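[1] Sequence first, then the predicted structure, then my questions.
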Amino acid sequence: MLLNSKQAYAQLRPFDNSRTMSPWLYNPAAAFTGDFQSVIAYDGRNTNSFTPQSIMAAVRIPVIYPGRDRRKPASMVGAQYLRTSQDIVSSSVLSGNFSYQVPLSKRVRAAIGLGAGMSMLNYNYENLVFVDQQDPLLGNGVDFFNMHLNAGFSFVIDERLTFSAALPYILRENKTNFGEIIVRAMYDAAISNDLELQIAGNLDTYNQNMIAGGDLSLQWKKTLGLLAGADNFKAYSGLSIRLETIHFSYTYGINYSNLLNRLPNNQVMIMLSIPPKSKYSR
């Protein structure tokens with residue numbers, strides 16, 4: 001059962017439909033901001049315990065160094081917690097991250113980010129009955145603790161074109177894992193003074209799958225947003241609303257892989273974004 005479950009859901013990275021709303025989740029160098037941010041989010045694949053259910057909480061804080069252009073932070077620090085559970089298996093990652101950006105020219109800026117923490121994989125067999133009740137491993141469940149490392153970088157040109165790449169799990173099961181990458185390229189086109197269109201392409205090699213896709217995001221006055229996207233496993237759409245310091249986003253996706261039998265997906269995210277109370281925050 002565990003093997004079949006792993007094969008069936010190998011394409012599903014938590015919050016994979018929310019890259020536009022939370023690009024920093026797997027890439028600490030993405031989306032620099034001068035605001036203090038706190039985020040809570042839920043990712044539900046279907047509505048039962050057999051399919052993956054994920055929760056995420058994060059905090060991001062800008063750090064401004066004297067002598068630099070204080071309209072943008074020189075670096076950011078943060079902490080985040082991600083937990084995914086599926087039937088008798090759950091995994092958790094608790095990590096802190098640091099990112100630093102420098103201007104390469106008047107038109108180009110670059111950033112690099114690093115994260116470190118602890119990951120835990122838990123097998124809980126309390127509700128199952130085994131032929132061999134004396135097996136100490138299967139009878140009591142087990143926790144596996146590993147060190148977690150991740151890294152990313154990004155380039156921004158003219159505040160319009162963004163290219164980013166990330167190694168979300170440099171260590172997996174205490175082994176190096178440089179084959180898992182997330183690459184994203186996005187262009188922000190101004191249609192009018194109030195309307196912007198973001199065009200993005202993604203490549204993700206999650207669990208040795210080649211997941212390629214893209215999305216379109218239409219933003220009106222940076223208050224209301226509409227999202228539509230797809231990759232070679234699923235299609236999704238979404239809505240985002242920003243009211244002063246509160247940001248809300250929701251995406252709904254449907255899988256069209258025969259293996260997953262049109263599995264629906266709901267992702268909800270709430271963000272509190274507070275600008276610093278400083279004369280430099282204008």
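    Thanks, I have it. Numbers count the residues shown, from 1 in each chain.

[2] contacts for whichever strand or helix holds residue 247?
    In the assignment (DSSP states H and E), residue 247 maps to strand 246-255. Applying Cβ atoms under 8 Å, 6 or more residues apart in numbering, the contact partners of strand 246-255 are 11, 17-18, 21, 225, 227, 233-242, 261-273. In this view, the C-beta of every residue, glycine as well, is placed from N, C-alpha and C.

[3] Pairing partners for it, with directions?
    Strand 246-255 pairs in its sheet with strand 234-243 (antiparallel), strand 264-274 (antiparallel), by DSSP bridges.

[4] Tell me the spatial nearest neighbour of residue 114, not counting adjacent residues.
    Leaving aside its chain neighbours, residue 114 sits nearest to residue 151 (5.2 Å; criterion: Cβ to Cβ, 6 or more residues apart in numbering).

[5] quick one: the one you found from residue 26, how far?
    To residue 26, residue 151 is 10 Å away according to Cβ to Cβ, to the nearest Å.

[6] which stretches of the stretch 51-200 of the chain form strands?
    With DSSP state E, counting those that start in this stretch as the criterion, the stretch 51-200 of the chain has strands at 53-63, 75-86, 89-103, 108-123, 142-157, 161-167, 171-172, 175-176, 182-190, 195-204.

[7] Neighbours of residue 147, how many?
    When neighbours are counted by other Cβ atoms under 10 Å, residue 147 registers 12.

[8] wouldn't it be in contact with residue 173 here?
    No - contact status for residue 147 versus residue 173: not in contact, 10.6 Å apart, counting by Cβ atoms under 8 Å.

[9] ok now do residue 93, which residues does it touch?
    Contacts of residue 93 (Cβ under 8 Å, 6+ apart): 80-83, 117-120, 148.

[10] still on that earlier bit, go ahead and confirm the residue nearest to residue 114 touches residue 169.
    No - between residue 151 and residue 169 there is no contact under Cβ under 8 Å: 10.3 Å.

[11] Contacts made by the helix or strand containing residue 218 with the rest, please.
    Using DSSP H and E, the element containing residue 218 is strand 211-220. Under the contact criterion Cβ under 8 Å, 6+ apart, strand 211-220 has outside partners 11, 13, 16, 19-20, 194-205, 225-233, 236.

[12] Mind listing what's buried along the next helix or strand after it?
    With elements assigned by DSSP H and E, the helix or strand that comes after strand 211-220 is strand 224-231. Along strand 224-231, these residues count as buried under the neighbour rule (16 or more other Cβ atoms under 10 Å): 225, 227, 229-231.

[13] and the least confident of the residues you listed?
    The weakest per-residue confidence within the buried residues of strand 224-231 falls on residue 231 (91).

[14] Surely residue 33 touches residue 63?
    No - at 11.8 Å, residue 33 does not count as touching residue 63 under the criterion of Cβ under 8 Å.

[15] which residues are common contacts for these two?
    What both residue 33 and residue 63 touch, as defined by Cβ under 8 Å, 6+ apart, is the set 73, 76.

[16] Any idea what the closest residue to residue 198 other than its chain neighbours is bridged to?
    Distances taken as Cβ to Cβ, 6+ apart put residue 217 closest to residue 198, at 4.1 Å, once the chain neighbours are dropped. Applying DSSP bridges to residue 217 gives these bridge partners: residue 198, residue 227.

[17] right, and the secondary structure at residue 207 would be what?
    With DSSP: H, G, I helix; E, B strand; the rest coil as the basis, residue 207 sits in helix.

[18] Run a quick neighbour tally on it.
    Using other Cβ under 10 Å, residue 207 has 15 other residues around it.

[19] For it, give its distance to residue 168.
    Here residue 207 is placed at a distance of 11 Å from residue 168 (Cβ to Cβ).

[20] Common neighbours of the two, please.
    Counting by Cβ under 8 Å, 6+ apart, the residues touching both residue 207 and residue 168 are residue 180.

[21] Just read off the phi/psi values of residue 30.
    phi -90, psi 150 (degrees, to the nearest 10).
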